[in-house]
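# sequence first, then the predicted structure, then my questions.
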Amino acid sequence: SAVISQKPSRDICQRGTSLTIQCQVDSQVTMMFWYRQQPGQSLTLIATANQGSEATYESGFVIDKFPISRPNLTFSTLTVSNMSPEDSSIYLCRGGGLSGYTFGSGTRLTVV
Amino acid sequence: GENVEQHPSTLSVQEGDSAVIKCTYSDSASNYFPWYKQELGKGPQLIIDIRSNVGEKKDQRIAVTLNKTAKHFSLHITETQPEDSAVYFCAASIGNQFYFGTGTSLTVIP
């Protein structure tokens, strides 16, 4: 399976600002998924990103709040925009294809 | 859509005992069932998986069983060790889409 490097691992941000999270994969992956994991909760899918097309967002998540880029098959970013304390969470990317899927190590975001 | 339920939400066992975590799913089209271990401050790590054409799979102290008829699958950890303490998630997959359980916090008491 692919190995995914996710940055930053954690950040503390002021409300109203934006944070961009990056996932770099060591091999080409067909799909990239972005999740939010609130404290003590399971993983909630935010959106699915394919190269060259707009991401597909799940109910409750919108592109203006969580814009995603997928410029090639080894890289993707998720931006959390205009942050509020309710956005404090762990954000995870998951990538892969037929050979399997791997998670990034996560970004722990705290909004103050 | 698929609905995955996971039990128990918390589990404490004595070191050396076995731990069992159970998940049920609703969509018979699900054909891949991974289990993830998530340690504090880290992303989920795949520990074992099973496909729908297999009933049981074992890897050292970890085993997974699948009952397609009943739509449930279980994780078994034998001879538990303190380093097994973590949150465990099950998932059911249809194609590229993964549906996660709500997690089980396992504590192994030395």
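Structure's in. What do you need?
# from now on I want contacts and neighbour counts done on CA atoms only, so please keep to that.
Will do.
# residues contacting A:Ser47?
Just to correct that, residue A:47 is Ala rather than Ser. A:Phe33, A:Trp34, A:Tyr35, A:Ala55, A:Thr56, A:Tyr57, A:Glu58, A:Phe61 (Cα atoms under 8 Å, 6 or more residues apart in numbering or on different chains).
# what helix or strand is the first one on?
Of the helices and strands defined by DSSP states H and E, A:Phe33 is found in strand A:31-37.
# average pLDDT across the next helix or strand after that strand?
Downstream of strand A:31-37, the first helix or strand assigned by DSSP H and E is strand A:44-49. Strand A:44-49 shows a mean pLDDT of 93.
# now do strand A:44-49 against strand A:31-37, angle only.
160 degrees (axes from the mean of the first three to the mean of the last three Cα atoms, to 10 degrees).
# still on that earlier bit, mind listing what the strand holding A:Phe33 pairs with, with the direction of each?
Strand A:31-37 has the following sheet partners, assigned by DSSP bridges: strand A:44-49 (antiparallel), strand A:89-97 (antiparallel).
# for the record, mean pLDDT for the longest one?
Translated: strand A:89-97. So the average pLDDT for strand A:89-97 ends up being 90.
# could you list the low-confidence segments of chain A?
Filtered on pLDDT under 70, chain A yields the residue ranges A:1, A:98-99.
# quick check, central residue of it?
In chain A, the residue lying closest to the centroid (Cα atoms, centre = their mean) is A:Trp34, at 3.8 Å.
# is it in contact with A:Phe103, as I believe?
No: A:Trp34 is beyond contact range of A:Phe103, at 9.6 Å (criterion: Cα atoms under 8 Å).
# joint contacts of these two?
A:Leu92, A:Cys93, A:Arg94.
# in contact with the nearest residue to A:Asp26 once chain neighbours are set aside, which residues?
Excluding the flanking residues, the one nearest A:Asp26 by Cα to Cα, 6 or more residues apart in numbering or on different chains is A:Val3, at 5.6 Å. Residues counted as contacts of A:Val3 (Cα under 8 Å, 6+ apart) are A:Val25, A:Asp26, A:Ser27, A:Thr102, A:Gly104.
# fine, thanks again, bye for now.
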